[in-house]
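**Student:** with the input below, show me the fold.
(chains A, B, C and D)
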Number of protein chains: 2
Amino acid sequence: MQLTHKPAKPRQARSEQAEQRILAAAEQVFATAGFGGATMSALAAAAGLPSANLHYHFGTKEGLYKAVLQNIMRLWLEAAEGITASAAPAQALSAYIKAKLAYSRTRPYASKVFANEVLHGAVHLQSYLGEELRLVVARKTQVLQGWMEKGQMEQVDARHLFFLLWAMTQTYADFDTQIRTVLGREALLEEDFAIAEDLILRFTLRGCGLEFPLKEHRA
Amino acid sequence: MQLTHKPAKPRQARSEQAEQRILAAAEQVFATAGFGGATMSALAAAAGLPSANLHYHFGTKEGLYKAVLQNIMRLWLEAAEGITASAAPAQALSAYIKAKLAYSRTRPYASKVFANEVLHGAVHLQSYLGEELRLVVARKTQVLQGWMEKGQMEQVDARHLFFLLWAMTQTYADFDTQIRTVLGREALLEEDFAIAEDLILRFTLRGCGLEFPLKEHRA
DNA sequence: ACCAAAGCTGATTAAACAGTCAAGTTGTTT
DNA sequence: AAACAACTTGACTGTTTAATCAGCTTTGGT
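**Tutor:** Next up, the predicted model:
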């Protein structure tokens, strides 16, 4: 927990490479084993390095875990950038759903690490959830309320709308084992994600009193 | 993993009580710490017993974990019982959503243990997912397809419909930390679940081309 | 009242674990 | 090419952990 850490100010970072490699491997191991279930030797084996090496770069197991989480957090807020007052609700919400679902397809381990952390009380993410995420949700909620006041979409609770969008899109990463088993697949295919996207869009847009299917403008 | 277990056939089970107590405590500990993060002494402390006692009743940590999971599985399939060919789609789906959401409210730890297990590859649940759950989904999927053929609801992919219903209802248990933080609450209130229920029903029913809000018949 | 069987527990053990360290190698600056 | 910092590593250490076990108490059948 406490630091016997990397020499406080490394004059120059020569081996960014090793750290990236460790982080990528750790994302997978933490995703499949959880924090408690991941051992330093498993993490080291996945990175192809001796475990002393991981301690050199990240100090402690918890330090490595936090670095992995921080890496993931960067991705999470980007997706919502298209939700602005001047955008059209149907297009903006569609883009958000597509972006979030794309993360589930391309970064399933990142999603799982995040899910695992929140599931167990988010002790390492309290500040992120309480500050950054809370702020983004507050801002985006105001955008949606603006749309509602202008009659561009129906009245719905905007915060709960986000909870449901997160749930529906992330479930395809977090619970892929269950989904794959029910579908009888080794791995989820593009067509599965296409069906999912269509259904989530249908639910969301119609739920908000918007048109579905979306008609392309400027085809 | 291997058994040095409870005397194969206990003539009489005298202390059902202790096992229930251990299981209830273990559900909480496994939910908040995960399998790897839970220690036998933490489990024992939560149950208010020495750890040798837990080993007496459940053999190994994994044995206890499996018993907790098995306990949870019983709950999971019951909720879908109302989905039958003769039922009205809107009523049956509403009842299912309400039942699943009620579990998120009343048994959040059970939901979390299940979520955690699936998240990490469901190694202890493969047979359940592949057999029982797969079968139930196959049957309920047929019921929905029957409704669609009769024009009682729109064409949607029934299996993905279930994935989204599970995601939306269980998120209020599994990710309650995130939801509570965004809402600025110490604990989720009845009114939060009421809003959630309303929004999930709205999404689902409209997404399936059904009437929302539902009109009570035989009021 | 007696006696098995079932239930309980403190003390112990062997293995797994996170973290340390000293001795090495590599790369960069002057 | 010398000097130094960044990096790498195998061997090691103290602690935590799951699991065991021998001996004790409680319970129910007769």
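
**Student:** domains of chain A?
**Tutor:** Structurally, chain A divides into domains by automatic domain parsing as follows: A:16-69, A:74-207.

**Student:** do you know which of those domains lies nearest chain B?
**Tutor:** Nearest to chain B, of all the domains of chain A, is domain A:16-69, at 2.6 Å by CB to the nearest CB. No exception for glycine: its C-beta is placed from N, CA and C like everyone else's.

**Student:** and A:E16, what's its pLDDT?
**Tutor:** Note for A:E16: predicted pLDDT of 80.

**Student:** no wait, A:L101
**Tutor:** At A:L101, the pLDDT recorded in the model is 97.

**Student:** the helix of greatest length in chain A vs helix B:16-37, what angle?
**Tutor:** Of all the segments assigned as helix in chain A under DSSP state H, the longest by residue count is helix A:16-37. Taking axes from the mean of the first three to the mean of the last three CA atoms, to 10 degrees, helix A:16-37 and helix B:16-37 form an angle of 180 degrees between their directions.

**Student:** packing partners of the next helix-or-strand element following helix A:16-37?
**Tutor:** Later in the chain than helix A:16-37, the nearest helix or strand by DSSP states H and E is helix A:40-47. Helices and strands touching helix A:40-47, by 3 or more CB pairs under 8 Å, 6 or more residues apart in numbering or on different chains; DSSP states H and E, are helix A:16-37, helix A:51-58, helix A:61-78.

**Student:** could I get the domains of chain A in JSON lines, plus columns for distance to DNA strand D?
**Tutor:** What follows is the domains of chain A, written out as JSON lines (distance: least, CB to the nearest atom of the strand, whole Å):
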{"stretch": "domain A:16-69", "distance to DNA strand D": "3"}
{"stretch": "domain A:74-207", "distance to DNA strand D": "15"}
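
**Student:** okay, the ones you listed in a markdown table with mean neighbour count next?
**Tutor:** Shown next, in a markdown table, are the domains of chain A (neighbours: other CB atoms under 10 Å in any protein chain shown):
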| stretch | mean neighbour count |
| --- | --- |
| domain A:16-69 | 18 |
| domain A:74-207 | 18 |
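
**Student:** any bit of the longest helix of chain A sitting next to DNA strand C?
**Tutor:** No: counting by CB under 7 Å from any atom of the strand, DNA strand C has no neighbours in helix A:16-37; the shortest distance is 8.2 Å.

**Student:** now the angle between helix A:61-78 and that helix, please.
**Tutor:** Using the same axes, to 10 degrees, one finds that helix A:16-37 and helix A:61-78 are set 100 degrees apart in direction.

**Student:** mind listing residues that contact helix A:16-37?
**Tutor:** Residues outside helix A:16-37 that contact it (CB atoms under 8 Å, 6 or more residues apart in numbering or on different chains): A:38-39, A:42-43, A:46-49, A:53-54, A:57-58, A:61, A:64-65, A:67-68, A:71-72, A:108-110, A:112-113, A:116-117, A:120, B:33-38, B:116, B:120-121.

**Student:** let me have the helices and strands packed on helix A:40-47 in TSV, extended by distance to B:Q20.
**Tutor:** Output for those, formatted as TSV (distance: least, CB to CB, whole Å):
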stretch	distance to B:Q20
helix A:16-37	25
helix A:51-58	41
helix A:61-78	35
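
**Student:** the nearest residue to A:K140 once chain neighbours are set aside and A:G146: what is the separation?
**Tutor:** Of all residues not flanking A:K140 in the chain, A:I83 sits nearest, at 5.0 Å (CB to CB, 6 or more residues apart in numbering or on different chains). Using CB to CB, to the nearest Å, we find A:I83 at a distance of 11 Å from A:G146.

**Student:** same deal with A:Q152?
**Tutor:** For A:Q152 relative to A:G146 (CB to CB), the value is 8 Å.

**Student:** likewise for A:W166?
**Tutor:** To A:G146, A:W166 is 21 Å away according to CB to CB.

**Student:** again with A:T169
**Tutor:** 23 Å.

**Student:** and if you look at A:R105?
**Tutor:** The gap separating A:R105 from A:G146 is 31 Å, by CB to CB.

**Student:** can you check A:G130 too?
**Tutor:** 25 Å.

**Student:** CA atoms only: put stretch A:71-91 into CSV for me.
**Tutor:** The C-alpha coordinates for stretch A:71-91 follow below in CSV (Å, rounded to 0.1, in the frame of the first residue of the first chain):
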residue,chain,number,x,y,z
ASN,A,71,-5.3,4.0,-18.3
ILE,A,72,-8.9,2.8,-18.8
MET,A,73,-10.5,5.9,-17.4
ARG,A,74,-9.1,8.0,-20.3
LEU,A,75,-11.2,6.0,-22.7
TRP,A,76,-14.4,6.2,-20.8
LEU,A,77,-15.4,9.8,-21.0
GLU,A,78,-14.4,10.4,-24.6
ALA,A,79,-17.5,8.6,-26.0
ALA,A,80,-19.9,11.2,-24.6
GLU,A,81,-18.3,14.1,-26.5
GLY,A,82,-20.9,14.2,-29.2
ILE,A,83,-23.7,14.9,-26.7
THR,A,84,-24.0,18.7,-27.1
ALA,A,85,-26.9,21.1,-27.0
SER,A,86,-26.6,21.9,-30.7
ALA,A,87,-26.7,18.3,-31.8
ALA,A,88,-29.8,16.4,-32.8
PRO,A,89,-30.9,14.0,-30.0
ALA,A,90,-31.4,10.9,-32.2
GLN,A,91,-28.0,11.3,-33.9
